[in-house]
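Student: following is a predicted model, sequence given first.
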Amino acid sequence: MTAIKETSTIQENKKIAAQLCPVTFTMEKIGGYWKPIIVYHLSTGTKRYSELKKCIPAITEKMLIQSLKQLEADGLILREAKPVVPPFVIYNLSEVGRGILPVINAMATWALENQ
């Protein structure tokens with residue numbers, strides 16, 4: 001993943017927009033196609049990488065890894081590497097991530113009502 005230049009004009013504009021609009025801030029954290037889906041699946045509890053991949057079969061490995069890294073960097077999920085043989089990693093929602101669940105659940109409810 002390419003490093004983002006924090007001093008670029010677009011990054012400065014995003015910071016200003018996030019300060020002026022709470023929806024912009026929220027979309028910076030869970031925006032995109034896959035991040036809300038990952039959070040939704042983690043709402044039921046801790047999952048291993050392979051379990052997430054099975055829950056979301058349409059996602060590519062690259063996008064799953066990238067989205068998980070972004071969610072972890074934003075503090076919405078916690079990644080724990082288990083020191084066993086063979087090693088494995090588990091993911092779960094952080095306290096901040098659990099705080100976004102009413103938004104994710106509202107999205108799911110709206111979808112069920114309007115499909």
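Tutor: That came through fine. Residues are numbered from 1 along each chain as shown.
Student: for Lys29, see how far away Pro22 is.
Tutor: Distance, Pro22 to Lys29, using Cβ to Cβ, to the nearest Å: 11 Å. Every C-beta, even on glycine, is put in place using the N, C-alpha and C of the backbone.
Student: my bad, should have said Gln11
Tutor: 15 Å.
Student: which of the two has more residues huddled nearby?
Tutor: For Gln11 versus Lys29, neighbours defined as other Cβ atoms under 10 Å are more numerous around Lys29 (19 against 12).
Student: got the contact list for the more buried one?
Tutor: Listed by Cβ atoms under 8 Å, 6 or more residues apart in numbering, the contact set of Lys29 reads 35, 74, 76, 100.
Student: now do the helix or strand harbouring Trp110, average pLDDT.
Tutor: If you go by DSSP states H and E, Trp110 is part of helix 101-114. For helix 101-114, the mean per-residue pLDDT is 94.
Student: same check, this time on stretch 47-56
Tutor: 95.
Student: over to stretch 61-75?
Tutor: 95.
Student: chain center to it, what's the gap?
Tutor: Centre-to-centre, stretch 61-75 and its host chain are 6 Å apart (Cα atoms, centre = their mean, to the nearest Å).
Student: same check on stretch 17-28?
Tutor: On Cα atoms, centre = their mean, the centre of stretch 17-28 falls 16 Å from that of its chain.
Student: any residues touching that stretch, and which ones?
Tutor: 14, 74, 100, 103.
Student: who wins for neighbours among the residues you listed?
Tutor: Among those, the one with the most neighbours (other Cβ under 10 Å) is Ile100, at 19 neighbours.
Student: residue with max distance from the center of this structure?
Tutor: Val85 (27.7 Å; Cα atoms, centre = their mean).
Student: pLDDT score assigned to the nearest residue in space to Met63 that is not next to it in sequence?
Tutor: Distance criterion Cβ to Cβ, 6 or more residues apart in numbering; nearest residue to Met63, sequence neighbours excluded, is Trp34 at 5.6 Å. According to the prediction, Trp34 has pLDDT 96.
Student: what's the neighbour count on Trp34?
Tutor: 19.
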